[in-house]
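Asks: give me coordinates for this.
(2 chains)
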Amino acid sequence: MTHSFGYSISQSRETNWDKLDHRFADKLLDLEPSVRLCVGCGSCTGTCTAAPRSGFDIRKVHTRFRRGEAGAFVAELEKCMFCGKCSMVCPRGVNIRNVMDLMKKLIEA
Amino acid sequence: MTNKQTQFPIAVIGSGPAGLAAANTLLALGHQPVIFEKEKITGGKLSRWHQLFPGFISAAEIQEQLIGPLKKASVKISTETEVKTMKPDSGGLEIETASGEKIIAKGAVWASGYTEFDARRKEEYGYGLYKNVLTSADVEEMLAKDGKLPFDSADVKRIGILHCVGSRDEKVGNTYCSKVCCICAVKQAIEMKKLYPSAEVFNFYMDLRLFGKGYEELYREAQMDWQVNFIRGRVSELAEDQQGKIRMKTEDTLTGVPMKMTLDFVILMVGMEGKRFSFLSENKNTDGSDFISYPENFTGENQTALPNVMVAGACKGPSTIVDAMNDGKSAALALHQYLISQAEK
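Replies: Numbers count the residues shown, from 1 in each chain, chains lettered A, B, ... in the order given. The predicted structure follows:
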């Protein structure tokens, strides 16, 4: 017989680099090397058409993808409308639109 | 205490980049400088460095360019001679060394340089306790001496480089930025990738302050051509495991998640600290640092409390080698102009 006391052990919210699967991230870096140049400025999220209404944060999503948390936000990727404004504003010349496309394809594959 | 008095035209205190550049300029202006160096060897910190950012020029080569002309002109460099104090004298300036020797000079350029932050003061990083934690200065010395580090490439999978150790940190009493560590960290990250091509290199930073010509380009090169990872977050602690590997904890602030990682070795980018000399300046720096304060008035930035002593280089605040050399030249010219104006009176 199991008893519920109304609390449980919370899941770790920590990024443990040693345990994450970096294969998706490595593949992304291979296919679109310009993503290495990201400085985390947030221009992409700032200009994003989808961001204000959906809370979609392309800067954070692709950073987490690079950290090896590929599976964590499949639903997030659906919010992108592929307008490409992010690529137009990026000061480091990262092809973010392609990064989005690749992330979706890598997860779906 | 001896009371020996020697007549010297112009004294240069310190044989680092600023002092050597000042001596070269004084020589070109027709003076006969004499250099006093506290340490056994000449060159200051430059004598311990390997390659210099942003162009990977050999430090030994730059030192030779600075010392060569002085040797040719038989400029005397007194090593192991620490200058303790200076005061005005009817002959110009009385300089007293730590051994009690008194020297009379017409004037002096003071370029005593900086001290490296003692990384043991950041106890949470375990420098001096963990064998796989080095400082940026250790890395330079090892590379200059042997061209390699004491880690077998088969064992090295991840290397961590920690920015701002002893800088921008109230907890160690240094609120200022040491200026050169960011670009030095980018340079050393590339050197690590050259030494350990299959290892991953991670730079942990608060802000990247890459201000100089060619620095931003080197950062880009590190990201793109050398696959160096830059993670924004100040490392909160390091711990050694049983194999001697280093467990790192930080926040990956760009994703807003705490992060931990095992590293094979860690380099701490140590900052610069100053030393006050009351006979040169009584004023305190606004940032609370102990560097020699100088008039921050754009045109008199080499002046001290003594009219015939000019101050130059990293003893005034964190400085690159190029900036220190240019400041040395500027101090030499300022002293030259002062001596001419006095002779005309």
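
Asks: from here on, contacts and neighbour counts on C-alpha atoms
Replies: OK.

Asks: pull up the gap between B:Asp155 and chain A, please.
Replies: Relative to chain A, B:Asp155 is positioned 15 Å away (C-alpha to the nearest C-alpha, to the nearest Å).

Asks: that residue sits in which helix or strand?
Replies: Using DSSP states H and E, B:Asp155 maps to neither a helix nor a strand.

Asks: and A:Gly6, which of the three is it?
Replies: In three-state terms, and counting by DSSP: H, G, I helix; E, B strand; the rest coil, A:Gly6 is coil.

Asks: just the terminal-to-terminal distance for stretch B:315-326.
Replies: Length of stretch B:315-326, first residue to last, C-alpha to C-alpha, to the nearest Å: 14 Å.

Asks: quick one: low-confidence ranges for the chain?
Replies: Using chain A. Applying pLDDT under 70 to chain A flags the ranges A:1.

Asks: should've been chain B
Replies: For chain B, counting by pLDDT under 70, the residues that fall below are B:1-8.

Asks: from the centroid of it, which residue is nearest?
Replies: Centroid-nearest residue in chain B, with C-alpha atoms, centre = their mean: B:Tyr114, separated by 5.7 Å.

Asks: from what I see, that one and B:Val270 are in contact.
Replies: No. Counting by C-alpha atoms under 8 Å, B:Tyr114 does not reach B:Val270; the two are 11.9 Å apart.

Asks: how many other residues sit next to the closest residue to B:Lys284 other than its chain neighbours?
Replies: Residue nearest to B:Lys284 in three dimensions, not counting chain neighbours: B:Ser293, with 6.4 Å by C-alpha to C-alpha, 6 or more residues apart in numbering or on different chains. Around B:Ser293 there are 24 other residues, counting by other C-alpha atoms under 10 Å in any protein chain shown.

Asks: go on, A:Gly93?
Replies: Neighbours of A:Gly93 under the rule other C-alpha under 10 Å: 14.

Asks: does it touch A:Pro33 like I think?
Replies: No. A:Gly93 is not in contact with A:Pro33 according to C-alpha under 8 Å; the separation is 11.0 Å.

Asks: near chain B, which residues of chain A?
Replies: A:13-18, A:33-34, A:36-37, A:40, A:60, A:63-64 (C-alpha under 8 Å from any C-alpha of the partner chain).

Asks: host element of B:Lys187?
Replies: Going by DSSP H and E, B:Lys187 is part of helix B:181-195.

Asks: for that helix, name the packing helices and strands.
Replies: In terms of contacts (3 or more C-alpha pairs under 8 Å, 6 or more residues apart in numbering or on different chains; DSSP states H and E), helix B:181-195 is packed against strand B:158-165, strand B:200-205, helix B:215-224, strand B:265-270.

Asks: let me know the angle separating the longest one from helix B:181-195.
Replies: Yep, that's helix B:215-224 we're talking about. Orientation check (axes from the mean of the first three to the mean of the last three C-alpha atoms, to 10 degrees): helix B:215-224 against helix B:181-195 gives 40 degrees.

Asks: quick one: contacts of helix B:215-224?
Replies: By C-alpha atoms under 8 Å, 6 or more residues apart in numbering or on different chains, the surrounding residues in contact with helix B:215-224 are A:33-34, A:36-37, B:54, B:183, B:186-187, B:189-190, B:210, B:228-230.

Asks: let's have the residues you listed in CSV, adding distance to B:Lys106.
Replies: Formatted as CSV, the contacts of helix B:215-224 follow (distance: C-alpha to C-alpha, whole Å):
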residue, distance to B:Lys106
A:Pro33, 61
A:Ser34, 59
A:Arg36, 57
A:Leu37, 54
B:Pro54, 38
B:Ile183, 39
B:Val186, 43
B:Lys187, 42
B:Ala189, 46
B:Ile190, 47
B:Leu210, 40
B:Val228, 52
B:Asn229, 53
B:Phe230, 51
